[in-house]
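Next come a sequence and a model predicted from it.
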Amino acid sequence: FRGMAHARLQWPTLQARYTTFLASADYNWSKYNSGIGISFLNDAQGPSYITTNSIAAQYAYWVNITKDISLRSGIQLAQTWRSIEVNKFTFPNQFDGNGFNSAISPGFDGNTLNTSFFSIASGLVLYTKEFWVGAAGYNLNRPNQTFLGEKDLLPMKFNFVAGYRIILKKIPTMRYLEDEDEIYWTLTPTVHFKTQGTSQQLDLGIYSIYKFLLTGLWYRGIPVKNVSPYINNESLILIGGFKQDNFSVTYSYDFVISGLGAYSGGAHEINLTYLYPKRKNFKGKNVRFKRLPCPDFD
């Protein structure tokens, strides 16, 4: 079982800030080579004038292709609710020859517009003890996200991830009948690319886990894809965290290197995770779940 709470505050000194909270829980149902999960998301843009809330359920299945290679696939079903406080905004039809005229109605009924939609996501990941590569697609059913009863289909989003764990140090385990040494120090370079509509984002990073401490450095941007007259650099991200027993805390800060610069206040992100690993014995056989090599303190 794993429980997680996650928060991100992006560009806190700007009115165009983003505040996001995520909570999730999942369970490794190793008897059936399966995993089940549920997550809740709340996102506010600006001073909470545009808000998004969603609840999602996930199911995953894993299979050992060979002794060393495993494959996981998963599906997610999500329901999303979105609202806009239109009385907090100005619209083109409210401007006359003398500028903005608050007496002119924006043309909407009420002060808030609401919409909801259902979306489907799916993905898979191929992995060994050292390497993983995966892909996922979101909004596969192209839900209609309009507020006004028209047609505005949400573009599909695709994510691609890969990483390799380099084991720098092992120590002999003292646990009875444990057939593997304890991994003491690892270095893990990773890559994450995602695209949706005309938007693209590339993240390149490296993690170090030394005993119970995690450190990391990420770069976000696509320098070869310039947006004239700017170079497509977005952030440098520093990550730090620690694990105590089955509880871990991770914090990251985005140093904005784009045109927004230090005026944006960067971005703060914190993650709290509780993991309760439980091994069961089925029919006299010790069933062991093959863990992904990505950095998660496990």
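Everything's here; your move.

So, low pLDDT: which residues of the stretch 51-200 of the chain?
Low-confidence segments of the stretch 51-200 of the chain (pLDDT under 70): 172-181.

Please enumerate the strands of it.
Using DSSP state E, counting those that start in this stretch, the strands of the stretch 51-200 of the chain run over 70-85, 95-96, 99-100, 112-127, 131-138, 157-164, 166-171, 182-196, 199-210.

JSON lines please, covering the ones you listed and showing mean neighbour count and distance to Leu275.
Glycine gets a C-beta too; all of them are placed from N, C-alpha and C. Conversion of the strands of the stretch 51-200 of the chain to JSON lines gives the following (neighbours: other Cβ atoms under 10 Å; distance: least, Cβ to Cβ, whole Å):
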{"stretch": "strand 70-85", "mean neighbour count": "17", "distance to Leu275": "17"}
{"stretch": "strand 95-96", "mean neighbour count": "11", "distance to Leu275": "55"}
{"stretch": "strand 99-100", "mean neighbour count": "8", "distance to Leu275": "53"}
{"stretch": "strand 112-127", "mean neighbour count": "17", "distance to Leu275": "18"}
{"stretch": "strand 131-138", "mean neighbour count": "17", "distance to Leu275": "18"}
{"stretch": "strand 157-164", "mean neighbour count": "17", "distance to Leu275": "19"}
{"stretch": "strand 166-171", "mean neighbour count": "13", "distance to Leu275": "21"}
{"stretch": "strand 182-196", "mean neighbour count": "16", "distance to Leu275": "16"}
{"stretch": "strand 199-210", "mean neighbour count": "16", "distance to Leu275": "14"}
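
Now these in CSV, please, with extra columns for distance to Thr52.
Supplementary listing: these in CSV, determined by distance: least, Cβ to Cβ, whole Å:
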stretch, distance to Thr52
strand 70-85, 5
strand 95-96, 28
strand 99-100, 27
strand 112-127, 10
strand 131-138, 14
strand 157-164, 15
strand 166-171, 38
strand 182-196, 15
strand 199-210, 17
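
right, and those strands - which one's nearest Ile270?
Across the strands of the stretch 51-200 of the chain, the minimum distance to Ile270, taken as Cβ to Cβ, is reached by strand 199-210, at 16.7 Å.
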